[in-house]
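Colleague: Give the three-dimensional model of this entry:
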Amino acid sequence: MFQFEEKIYLQLLWSLPVFIAVAMWYANWQKRKAAAFFAPEQLHKLAPNISAWRPKAKFILWTLAILTLIFGLAGPKVGTKLETLEREGADIVFLLDVSNSMLVEDVKPNRLERAKLILSRSLEQLAGDRLGIVAYAGVAVQQLPITNDYRAARMALQTTDHTLISAQGTDIGDAILRGIKSFEEGSDKNKVLFILSDGEDHEGSFEGALKEAKKAGVKIYAFGLGTPNGGPVPDIVNGRKRGYIKDMAGEVAVSMRDEATLQQIARETGGNYFVGNNTQDAVAEINKIVSGLEKTSFESKVFTDYEHQFQWFLGIAFILLLFEFLLSESRSYLLEKLGIFKEK
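Modeller: Residues are numbered from 1 along each chain as shown. Modelled structure (predicted):
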(Lines give C-alpha, C1' and ligand atoms only; values in the text may rest on other atoms or scores of the structure.)
Protein backbone atom coordinates (compact mmCIF):
# COMPACT_ATOMS: atom_id res chain seq x y z
CA MET A 1 0.00 0.00 0.00
CA PHE A 2 1.34 3.41 -0.99
CA GLN A 3 0.59 6.59 0.95
CA PHE A 4 2.00 10.01 1.81
CA GLU A 5 2.95 10.94 5.38
CA GLU A 6 2.89 14.73 4.87
CA LYS A 7 0.06 15.26 2.39
CA ILE A 8 0.03 18.99 3.03
CA TYR A 9 3.10 19.37 0.78
CA LEU A 10 1.08 18.03 -2.16
CA GLN A 11 -0.65 21.42 -2.17
CA LEU A 12 2.58 22.73 -3.71
CA LEU A 13 1.60 20.94 -6.93
CA TRP A 14 -0.63 23.93 -7.63
CA SER A 15 2.54 26.01 -8.03
CA LEU A 16 3.68 24.01 -11.07
CA PRO A 17 1.11 25.44 -13.53
CA VAL A 18 2.03 28.93 -12.30
CA PHE A 19 5.75 28.20 -12.76
CA ILE A 20 5.16 26.85 -16.29
CA ALA A 21 2.93 29.78 -17.25
CA VAL A 22 5.46 32.37 -16.02
CA ALA A 23 8.34 30.62 -17.77
CA MET A 24 6.44 30.45 -21.06
CA TRP A 25 5.46 34.11 -20.77
CA TYR A 26 9.07 35.11 -20.11
CA ALA A 27 10.36 33.07 -23.09
CA ASN A 28 7.78 34.65 -25.40
CA TRP A 29 8.66 38.10 -24.04
CA GLN A 30 12.34 37.52 -24.84
CA LYS A 31 11.46 36.44 -28.38
CA ARG A 32 9.29 39.49 -28.97
CA LYS A 33 12.00 41.82 -27.67
CA ALA A 34 14.64 40.22 -29.87
CA ALA A 35 12.35 40.23 -32.92
CA ALA A 36 11.73 43.93 -32.44
CA PHE A 37 15.41 44.72 -33.13
CA PHE A 38 16.78 41.85 -35.24
CA ALA A 39 15.57 39.60 -38.01
CA PRO A 40 15.97 35.84 -37.44
CA GLU A 41 18.91 35.70 -39.92
CA GLN A 42 20.70 38.49 -38.07
CA LEU A 43 20.19 36.77 -34.70
CA HIS A 44 21.71 33.58 -36.07
CA LYS A 45 24.76 35.46 -37.30
CA LEU A 46 25.16 37.38 -34.03
CA ALA A 47 24.77 34.29 -31.81
CA PRO A 48 25.54 31.21 -33.93
CA ASN A 49 26.25 29.03 -30.90
CA ILE A 50 22.86 29.50 -29.22
CA SER A 51 20.93 26.24 -29.28
CA ALA A 52 17.21 26.15 -30.01
CA TRP A 53 16.33 23.04 -28.01
CA ARG A 54 18.67 23.27 -25.01
CA PRO A 55 16.77 26.04 -23.13
CA LYS A 56 13.61 23.99 -23.55
CA ALA A 57 15.38 20.87 -22.26
CA LYS A 58 16.70 22.79 -19.22
CA PHE A 59 13.20 24.05 -18.49
CA ILE A 60 11.77 20.51 -18.67
CA LEU A 61 14.51 19.26 -16.32
CA TRP A 62 13.71 22.05 -13.85
CA THR A 63 9.99 21.23 -13.97
CA LEU A 64 10.54 17.50 -13.40
CA ALA A 65 12.95 18.25 -10.56
CA ILE A 66 10.41 20.46 -8.80
CA LEU A 67 7.73 17.76 -9.27
CA THR A 68 9.86 15.01 -7.74
CA LEU A 69 10.97 17.31 -4.90
CA ILE A 70 7.34 17.96 -3.98
CA PHE A 71 6.60 14.23 -3.91
CA GLY A 72 9.72 13.67 -1.80
CA LEU A 73 8.67 16.34 0.71
CA ALA A 74 5.24 14.70 1.00
CA GLY A 75 6.93 11.66 2.56
CA PRO A 76 5.93 8.71 0.34
CA LYS A 77 5.70 5.39 2.18
CA VAL A 78 5.06 1.82 1.03
CA GLY A 79 3.36 -0.74 3.26
CA THR A 80 5.60 -3.77 3.74
CA LYS A 81 3.80 -5.83 6.36
CA LEU A 82 0.16 -6.88 6.17
CA GLU A 83 -1.36 -8.26 9.36
CA THR A 84 -4.78 -9.62 10.26
CA LEU A 85 -6.15 -7.86 13.33
CA GLU A 86 -9.12 -8.72 15.50
CA ARG A 87 -11.51 -5.81 15.92
CA GLU A 88 -14.83 -5.25 17.60
CA GLY A 89 -17.66 -3.22 16.22
CA ALA A 90 -21.12 -3.13 14.74
CA ASP A 91 -22.29 -3.14 11.14
CA ILE A 92 -24.25 -0.08 10.04
CA VAL A 93 -25.50 1.07 6.65
CA PHE A 94 -26.54 4.61 5.71
CA LEU A 95 -29.36 5.00 3.20
CA LEU A 96 -28.80 8.38 1.56
CA ASP A 97 -31.65 9.94 -0.40
CA VAL A 98 -30.24 11.67 -3.52
CA SER A 99 -33.53 12.42 -5.29
CA ASN A 100 -34.26 15.89 -6.68
CA SER A 101 -36.43 16.77 -3.67
CA MET A 102 -33.28 16.64 -1.51
CA LEU A 103 -32.07 19.76 -3.34
CA VAL A 104 -34.75 21.87 -1.65
CA GLU A 105 -33.12 24.70 0.28
CA ASP A 106 -35.43 24.84 3.31
CA VAL A 107 -32.38 23.48 5.17
CA LYS A 108 -29.16 25.30 4.26
CA PRO A 109 -27.42 24.84 1.94
CA ASN A 110 -29.91 22.13 0.95
CA ARG A 111 -31.24 18.85 2.32
CA LEU A 112 -28.74 16.65 0.50
CA GLU A 113 -25.68 18.62 1.60
CA ARG A 114 -26.96 18.60 5.18
CA ALA A 115 -27.44 14.82 5.01
CA LYS A 116 -23.90 14.37 3.65
CA LEU A 117 -22.54 16.58 6.42
CA ILE A 118 -24.30 14.44 9.05
CA LEU A 119 -22.84 11.29 7.51
CA SER A 120 -19.37 12.83 7.27
CA ARG A 121 -19.39 14.00 10.91
CA SER A 122 -20.67 10.58 11.99
CA LEU A 123 -17.64 8.95 10.36
CA GLU A 124 -15.43 10.94 12.71
CA GLN A 125 -17.17 9.33 15.70
CA LEU A 126 -16.85 5.72 14.57
CA ALA A 127 -14.15 3.51 16.06
CA GLY A 128 -13.91 -0.06 14.79
CA ASP A 129 -17.44 -0.17 13.39
CA ARG A 130 -18.00 -1.15 9.78
CA LEU A 131 -20.29 0.83 7.54
CA GLY A 132 -21.77 0.87 4.07
CA ILE A 133 -23.53 3.53 2.00
CA VAL A 134 -26.56 3.01 -0.23
CA ALA A 135 -27.67 5.94 -2.39
CA TYR A 136 -31.20 5.93 -3.74
CA ALA A 137 -33.70 7.86 -5.80
CA GLY A 138 -35.93 5.99 -8.27
CA VAL A 139 -33.67 2.97 -7.66
CA ALA A 140 -31.04 2.15 -5.06
CA VAL A 141 -27.33 1.56 -5.69
CA GLN A 142 -24.58 0.28 -3.41
CA GLN A 143 -22.27 3.28 -3.18
CA LEU A 144 -19.96 1.64 -0.62
CA PRO A 145 -19.92 -2.02 0.51
CA ILE A 146 -19.58 -2.80 4.21
CA THR A 147 -16.06 -1.78 5.23
CA ASN A 148 -14.01 -0.29 8.04
CA ASP A 149 -12.02 1.82 5.56
CA TYR A 150 -13.29 5.26 6.56
CA ARG A 151 -11.08 6.95 3.98
CA ALA A 152 -12.88 5.03 1.22
CA ALA A 153 -16.17 6.05 2.82
CA ARG A 154 -15.24 9.74 2.66
CA MET A 155 -14.21 9.39 -0.98
CA ALA A 156 -17.49 7.67 -1.83
CA LEU A 157 -19.40 10.40 -0.03
CA GLN A 158 -17.61 13.15 -1.96
CA THR A 159 -18.73 11.66 -5.29
CA THR A 160 -22.34 11.27 -4.20
CA ASP A 161 -24.80 13.85 -5.50
CA HIS A 162 -28.21 14.10 -7.17
CA THR A 163 -26.74 13.16 -10.58
CA LEU A 164 -25.56 9.76 -9.32
CA ILE A 165 -28.84 8.05 -10.24
CA SER A 166 -30.56 8.91 -13.51
CA ALA A 167 -33.85 7.26 -12.53
CA GLN A 168 -35.57 9.98 -10.53
CA GLY A 169 -38.39 9.52 -8.08
CA THR A 170 -37.99 7.99 -4.63
CA ASP A 171 -38.19 4.29 -3.78
CA ILE A 172 -37.47 3.83 -0.07
CA GLY A 173 -38.51 0.17 -0.25
CA ASP A 174 -35.76 -0.63 -2.77
CA ALA A 175 -33.24 1.26 -0.63
CA ILE A 176 -34.17 -0.77 2.46
CA LEU A 177 -33.87 -4.07 0.56
CA ARG A 178 -30.50 -3.01 -0.84
CA GLY A 179 -29.38 -2.01 2.64
CA ILE A 180 -30.38 -5.40 4.07
CA LYS A 181 -28.40 -7.19 1.35
CA SER A 182 -25.35 -5.13 2.29
CA PHE A 183 -24.91 -7.06 5.53
CA GLU A 184 -22.83 -10.23 5.49
CA GLU A 185 -24.68 -13.53 5.49
CA GLY A 186 -24.62 -15.34 8.80
CA SER A 187 -24.55 -12.14 10.85
CA ASP A 188 -27.68 -12.13 13.00
CA LYS A 189 -27.14 -9.11 15.24
CA ASN A 190 -25.88 -5.54 15.36
CA LYS A 191 -27.40 -4.69 11.97
CA VAL A 192 -28.68 -1.14 11.75
CA LEU A 193 -29.88 1.07 8.90
CA PHE A 194 -29.83 4.86 9.12
CA ILE A 195 -32.08 6.66 6.64
CA LEU A 196 -31.21 10.26 5.76
CA SER A 197 -34.17 11.51 3.74
CA ASP A 198 -37.03 13.99 3.47
CA GLY A 199 -39.39 10.99 3.66
CA GLU A 200 -40.97 11.32 0.23
CA ASP A 201 -41.78 7.94 -1.34
CA HIS A 202 -43.23 7.92 -4.83
CA GLU A 203 -43.55 4.13 -5.05
CA GLY A 204 -45.45 3.58 -1.79
CA SER A 205 -44.41 -0.06 -1.66
CA PHE A 206 -42.09 -0.32 1.32
CA GLU A 207 -44.26 -2.68 3.41
CA GLY A 208 -42.60 -5.74 1.89
CA ALA A 209 -39.17 -4.27 2.61
CA LEU A 210 -40.16 -3.69 6.25
CA LYS A 211 -41.14 -7.36 6.55
CA GLU A 212 -37.73 -8.37 5.20
CA ALA A 213 -36.03 -6.00 7.65
CA LYS A 214 -37.89 -7.47 10.63
CA LYS A 215 -37.15 -10.98 9.39
CA ALA A 216 -33.43 -10.17 9.13
CA GLY A 217 -33.40 -8.44 12.54
CA VAL A 218 -32.47 -5.07 11.06
CA LYS A 219 -33.44 -1.94 12.97
CA ILE A 220 -34.04 1.25 11.03
CA TYR A 221 -33.44 4.73 12.43
CA ALA A 222 -34.76 7.55 10.28
CA PHE A 223 -33.60 11.17 10.18
CA GLY A 224 -35.98 13.55 8.42
CA LEU A 225 -34.50 16.46 6.46
CA GLY A 226 -36.48 19.57 5.56
CA THR A 227 -39.37 21.48 7.05
CA PRO A 228 -43.12 20.69 7.23
CA ASN A 229 -43.84 23.65 4.93
CA GLY A 230 -41.11 22.58 2.51
CA GLY A 231 -39.94 24.58 -0.48
CA PRO A 232 -39.69 24.59 -4.28
CA VAL A 233 -37.54 21.93 -5.94
CA PRO A 234 -34.60 23.54 -7.80
CA ASP A 235 -33.86 22.55 -11.38
CA ILE A 236 -30.08 22.14 -11.36
CA VAL A 237 -28.16 21.30 -14.54
CA ASN A 238 -24.35 21.08 -14.63
CA GLY A 239 -24.16 22.54 -11.13
CA ARG A 240 -26.21 25.65 -11.97
CA LYS A 241 -29.79 26.41 -10.93
CA ARG A 242 -31.94 27.17 -13.97
CA GLY A 243 -35.14 27.73 -12.00
CA TYR A 244 -37.56 25.32 -10.35
CA ILE A 245 -39.04 22.01 -11.44
CA LYS A 246 -42.72 22.13 -12.39
CA ASP A 247 -45.35 19.42 -11.94
CA MET A 248 -47.76 18.00 -14.55
CA ALA A 249 -50.09 20.97 -14.05
CA GLY A 250 -47.30 23.42 -14.82
CA GLU A 251 -47.04 24.61 -11.22
CA VAL A 252 -43.76 24.86 -9.32
CA ALA A 253 -43.21 21.55 -7.50
CA VAL A 254 -43.04 21.91 -3.71
CA SER A 255 -41.50 19.21 -1.50
CA MET A 256 -42.31 18.89 2.22
CA ARG A 257 -40.78 16.67 4.90
CA ASP A 258 -42.93 13.52 5.20
CA GLU A 259 -42.60 12.54 8.85
CA ALA A 260 -45.41 9.96 8.75
CA THR A 261 -43.54 7.68 6.32
CA LEU A 262 -40.26 7.84 8.22
CA GLN A 263 -41.98 7.34 11.58
CA GLN A 264 -43.77 4.24 10.29
CA ILE A 265 -40.56 2.74 8.93
CA ALA A 266 -38.70 3.33 12.20
CA ARG A 267 -41.56 2.17 14.42
CA GLU A 268 -42.23 -1.12 12.61
CA THR A 269 -38.55 -2.18 12.72
CA GLY A 270 -37.92 -1.28 16.35
CA GLY A 271 -35.95 1.84 15.56
CA ASN A 272 -36.74 5.50 16.10
CA TYR A 273 -37.36 8.71 14.17
CA PHE A 274 -35.51 12.03 14.55
CA VAL A 275 -35.60 15.41 12.85
CA GLY A 276 -32.21 15.73 11.16
CA ASN A 277 -32.05 19.44 10.44
CA ASN A 278 -29.57 20.10 13.25
CA THR A 279 -26.26 18.46 12.33
CA GLN A 280 -24.86 18.33 15.86
CA ASP A 281 -28.00 16.76 17.33
CA ALA A 282 -28.26 14.19 14.52
CA VAL A 283 -24.62 13.15 14.86
CA ALA A 284 -25.03 12.85 18.63
CA GLU A 285 -28.05 10.57 18.21
CA ILE A 286 -26.24 8.37 15.68
CA ASN A 287 -23.21 8.12 17.97
CA LYS A 288 -25.45 7.23 20.92
CA ILE A 289 -27.21 4.49 18.94
CA VAL A 290 -23.97 2.99 17.61
CA SER A 291 -22.30 3.12 21.04
CA GLY A 292 -25.21 1.19 22.53
CA LEU A 293 -25.00 -1.66 20.02
CA GLU A 294 -23.55 -5.00 21.04
CA LYS A 295 -20.15 -5.33 19.37
CA THR A 296 -18.99 -8.41 17.50
CA SER A 297 -15.45 -9.48 16.64
CA PHE A 298 -14.26 -9.57 13.05
CA GLU A 299 -10.96 -9.76 11.24
CA SER A 300 -9.50 -6.98 9.14
CA LYS A 301 -6.24 -6.86 7.20
CA VAL A 302 -4.17 -3.71 7.73
CA PHE A 303 -0.62 -2.61 6.96
CA THR A 304 1.31 -2.29 10.22
CA ASP A 305 4.78 -1.45 8.89
CA TYR A 306 5.84 1.10 6.29
CA GLU A 307 9.14 1.98 4.65
CA HIS A 308 9.96 5.57 3.68
CA GLN A 309 10.67 6.10 -0.02
CA PHE A 310 11.38 9.85 -0.07
CA GLN A 311 15.10 9.26 -0.73
CA TRP A 312 14.34 7.93 -4.22
CA PHE A 313 12.44 11.07 -5.16
CA LEU A 314 15.11 13.36 -3.73
CA GLY A 315 17.79 11.37 -5.56
CA ILE A 316 15.96 11.69 -8.89
CA ALA A 317 15.51 15.42 -8.29
CA PHE A 318 19.26 15.79 -7.60
CA ILE A 319 20.16 13.94 -10.83
CA LEU A 320 17.74 16.08 -12.86
CA LEU A 321 19.20 19.29 -11.40
CA LEU A 322 22.72 18.01 -12.06
CA PHE A 323 21.86 17.40 -15.73
CA GLU A 324 20.29 20.86 -15.90
CA PHE A 325 23.45 22.42 -14.45
CA LEU A 326 25.77 20.60 -16.83
CA LEU A 327 23.61 21.28 -19.88
CA SER A 328 24.77 24.51 -21.51
CA GLU A 329 22.40 26.65 -23.56
CA SER A 330 25.09 26.84 -26.28
CA ARG A 331 25.70 24.18 -28.88
CA SER A 332 28.20 21.43 -28.07
CA TYR A 333 30.58 20.90 -30.98
CA LEU A 334 31.83 17.69 -29.38
CA LEU A 335 28.32 16.23 -29.41
CA GLU A 336 27.76 17.45 -32.96
CA LYS A 337 31.01 15.83 -34.11
CA LEU A 338 29.89 12.58 -32.47
CA GLY A 339 26.49 12.93 -34.15
CA ILE A 340 24.59 13.12 -30.84
CA PHE A 341 21.68 15.58 -30.69
CA LYS A 342 22.88 17.02 -33.97
CA GLU A 343 21.08 20.25 -34.82
CA LYS A 344 20.28 21.43 -38.33
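Colleague: any idea how far the residue lying closest to Ser197 once chain neighbours are set aside is from Asn110?
Modeller: Distances taken as Cβ to Cβ, 6 or more residues apart in numbering place Asp97 nearest to Ser197, at 3.6 Å, with adjacent residues excluded. Any C-beta I mention is one placed from the backbone N, CA and C, and that applies to glycine too. Distance, Asp97 to Asn110, by Cβ to Cβ, to the nearest Å: 12 Å.
Colleague: more crowded one of the two?
Modeller: Asp97 (25 against 20; other Cβ atoms under 10 Å).
Colleague: I'd say Val283 and Ser122 touch.
Modeller: Yes. If you go by Cβ atoms under 8 Å, Val283 and Ser122 touch, sitting 5.4 Å apart.
Colleague: For those two, indicate the residue with more neighbours.
Modeller: Ser122 (24 against 20).
Colleague: can you give me the strands for the chain?
Modeller: 2-4, 76-89, 91-97, 130-136, 140-147, 191-197, 219-224, 231-232, 234-237, 240-244, 254-255, 273-275, 296-308 (DSSP state E).
Colleague: burial of Val141, as a residue count?
Modeller: 17.
Colleague: Would you mind confirming that it is in contact with Ala156?
Modeller: No. If you go by Cβ under 8 Å, Val141 and Ala156 don't touch, sitting 11.0 Å apart.
Colleague: mind checking how far Leu126 is from Leu164?
Modeller: Leu126 is 23 Å from Leu164, by Cβ to Cβ.
Colleague: Comparing these two, which residue is more hemmed in?
Modeller: Per other Cβ under 10 Å, whichever of Leu126 and Leu164 has more neighbours is Leu126, with 19 against 14.
Colleague: Now do the more buried one, the pLDDT please.
Modeller: pLDDT, Leu126: 86.
Colleague: do Lys45 as well
Modeller: On the pLDDT scale, Lys45 is placed at 59.
Colleague: Please parse the protein into its domains.
Modeller: The chain resolves into domains spanning 2-75+309-338, 85-300 when parsed by automatic domain parsing.
Colleague: Out of these, which gets the lowest mean score?
Modeller: For those, where the average pLDDT is lowest is domain 2-75+309-338, sitting at a mean of 77.
Colleague: Identify the residues contacting the nearest residue to Ser255 once chain neighbours are set aside.
Modeller: Nearest residue to Ser255, sequence neighbours excluded (Cβ to Cβ, 6+ apart): Ser101, at 3.9 Å. Going by Cβ atoms under 8 Å, 6 or more residues apart in numbering, Ser101 touches 111, 170, 198, 200, 233, 255.
Colleague: ditto for Leu157
Modeller: When contacts are counted by Cβ under 8 Å, 6+ apart, Leu157 touches 116, 119-120, 123, 133.
Colleague: are any of these buried, and which?
Modeller: Buried members of the contacts of Leu157, counted by 16 or more other Cβ atoms under 10 Å: 116, 119, 123, 133.
Colleague: Next up, the contacts around the last one.
Modeller: For Ile133, the contact set (Cβ under 8 Å, 6+ apart) comprises 93-94, 96, 119, 142-144, 153, 156-157, 160.
Colleague: Now the buried members of those residues.
Modeller: The buried subset of the contacts of Ile133 (16+ other Cβ under 10 Å) comprises 93-94, 96, 119, 142-144, 153, 156-157, 160.
Colleague: Report all helices and strands that the longest helix seen in the chain contacts.
Modeller: Longest helix of the chain, by residue count under DSSP state H: helix 15-37. Applying 3 or more Cβ pairs under 8 Å, 6 or more residues apart in numbering; DSSP states H and E, one finds that helix 15-37 contacts helix 54-73.
Colleague: 10 Å - rerun?
Modeller: helix 40-46, helix 54-73 (3 or more Cβ pairs under 10 Å, 6 or more residues apart in numbering; DSSP states H and E).
Colleague: Great, nothing more from me.
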